[in-house]
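Participant: please find the sequence and the predicted model below.
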Amino acid sequence: MRAVIQDRYGTPEDVAVGDVPEPVPSDDQILIRIRAASLNGSDRENLAGRPFYARIAGLRRPRNPIPGSDVAGVVAAVGSSVTEYAPGDEVYGELAGYRGGLAEYVATPPRLLARKPPGMSFTEAAAIPQAGCIALRATRAVRPGDRVLVNGAGGSGGSLVIALAKHLGAEVTAVDRADKADFLRRIGADETIDFEKEDWADRRAEYDLVVDLFGRRSPFRVHRALRPGGAYRMVGGHTRILFAVLLAGPMIRLAARKRVGMLVVPQSRTDLESVGALVADGVVSPVIDRVFPLERSRTALAHLAAEDHRGKVVVEVPQVD
Ligand SMILES: NC(=O)c1ccc[n+]([C@@H]2O[C@H](COP(=O)([O-])OP(=O)(O)OC[C@H]3O[C@@H](n4cnc5c(N)ncnc54)[C@H](OP(=O)(O)O)[C@@H]3O)[C@@H](O)[C@H]2O)c1
């Protein structure tokens, strides 16, 4: 089968599309014929091997050389102990281990996957899993009238965070590059901040919730932007900031009565089904930036890394029989 192959950590130049053996599902796995896969910031991190947490899948080189975590496709075969899916079922979801999706086929345990809502395209379904589950968890406590700031708002996860926060009645400030401001307003942001011109963490007591997809600031700075009782949730960013947030969170809670912590987004079928239903009902929809064929995955990864994607980058797998 055709697949993207990444033998070492590096840049998009270090990946190639080539032929690898088609995977054979074990007893408890299903084989999915992939129709579309979407990219996330985590794919860029897993390609680079940076931040350090991206090396969980292999310290020196990726154990599974095929990148890509979010897929939608058709069940091609099932292992002997799998009862919930049958060949022909249409599924989507995030792959365990965040790898294996940029290929014609993947063999995976079915527990994280959900049935694709009828009427939803494979391209749209592939764009949902990681970004949607981040958005669902990040906005769980949002109340009408809350002021929410989303840092790193214009990328894969941010656009659905904005959409869900708006749906829940929040007033949203979106932080990203200046040239994404029009896009961010179009998808619902009430206010935008160009991170090259203004540091949002210099604002005082303005937000009930800060969702940080690009954590680079000390926890002792970010909490000042929160209103009393507010919460800062770091989704991704530098490893040292992650540790600082984990260590300082309890102190800040005691001293300032504000919650500063990491947002843990487990790979969850229940969350996926919840956000999939919101998309199927037209409540929110993932923003698809560009679609590339599998053979041009290196360009797709370069586009993700090139500082200009808005929403989701999707790779489609042409179906040839
Ligand atoms: N906590 C969890 O359980 C969990 C689960 C899954 C994923 N994650 C993490 O979540 C993060 C998700 O990111 P994503 O998929 O949304 O990434 P993304 O698609 O790369 O989006 C990041 C956005 O931030 C923008 N940006 C760049 N520099 C910035 C700055 N200095 N200030 C503000 N924004 C800036 C980027 O713009 P340009 O593209 O123009 O540079 C881009 O629009 C990743 O770090 C991933 O590892 C966490």
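Facilitator: Structure received. Numbers count the residues shown, from 1 in each chain.

Participant: can you list the strands that the helix or strand hosting Val150 pairs with?
Facilitator: Using DSSP states H and E, Val150 maps to strand 147-151. Strand 147-151 has its sheet partners listed here by DSSP bridges as strand 171-176 (parallel), strand 207-212 (parallel).

Participant: dump the ones you listed to a markdown table, plus mean neighbour count, distance to the ligand and mean pLDDT.
Facilitator: (C-beta placed from N, C-alpha, C; glycine too.) Formatted as a markdown table, those follow (neighbours: other CB atoms under 10 Å; distance: least, CB to the nearest ligand atom, whole Å; pLDDT from 0 to 100):
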| stretch | mean neighbour count | distance to the ligand | mean pLDDT |
| --- | --- | --- | --- |
| strand 171-176 | 24 | 5 | 98 |
| strand 207-212 | 25 | 9 | 98 |
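
Participant: make JSON lines out of these and add distance to Ala3.
Facilitator: Shown next, in JSON lines, are the strands paired with strand 147-151 (distance: least, CB to CB, whole Å):
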{"stretch": "strand 171-176", "distance to Ala3": "32"}
{"stretch": "strand 207-212", "distance to Ala3": "33"}
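
Participant: please report how far the spatially most distant residue from the centre of the chain lies from Pro219.
Facilitator: Most distant from the centre of the chain: Ala255, at 32.6 Å, with distances by CA atoms, centre = their mean. Separation of Ala255 from Pro219 (CB to CB, to the nearest Å): 12 Å.

Participant: the strands in the stretch 151-300 of the chain, which residues?
Facilitator: With strands called from DSSP state E, counting those that start in this stretch, the stretch 151-300 of the chain shows them at 171-176, 191-194, 207-212, 226-234, 259-262, 288-293.

Participant: number of nearby residues for Val161?
Facilitator: Val161 is flanked by 31 other residues according to other CB atoms under 10 Å.

Participant: and the contacts of the helix or strand encompassing Val75?
Facilitator: Applying DSSP H and E as the criterion places Val75 in strand 70-78. By CB atoms under 8 Å, 6 or more residues apart in numbering, the residues outside strand 70-78 that reach it are 25, 29-40, 85-95, 101, 105-106, 110, 116, 122-123, 125-131, 317.

Participant: just the buried residues from the residues you listed, in PyMOL please.
Facilitator: To isolate the buried ones among the contacts of strand 70-78 in PyMOL, judged by 16 or more other CB atoms under 10 Å, type:
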select buried, resi 25+29+30+31+32+33+34+35+36+37+38+39+40+85+89+90+91+92+93+94+95+101+105+106+110+116+122+123+125+126+127+128+129+130+131+317
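
Participant: near the ligand, from the contacts of strand 70-78?
Facilitator: Subset of the contacts of strand 70-78 in contact with the ligand: 40, 130, counting by CB under 6 Å from any ligand atom.

Participant: what does the chain have sitting close to the ligand?
Facilitator: Checking the chain against the ligand by CB under 6 Å from any ligand atom, the hits are 40-42, 44-45, 130, 134, 151-152, 154-158, 175-177, 195, 213-214, 235-236, 263-265, 307-309.

Participant: can I get the buried part of those as one ChimeraX selection?
Facilitator: To isolate the buried ones among these in ChimeraX, judged by 16+ other CB under 10 Å, type:
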select :40,41,42,44,45,130,134,151,152,154,155,156,157,158,175,176,177,195,213,214,235,236,263,265,309
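
Participant: mind listing the helices for the stretch 151-300 of the chain?
Facilitator: Listed in chain order, the helices of the stretch 151-300 of the chain (DSSP state H, counting those that start in this stretch) span residues 158-167, 181-186, 219-222, 239-256, 269-280, 297-305.
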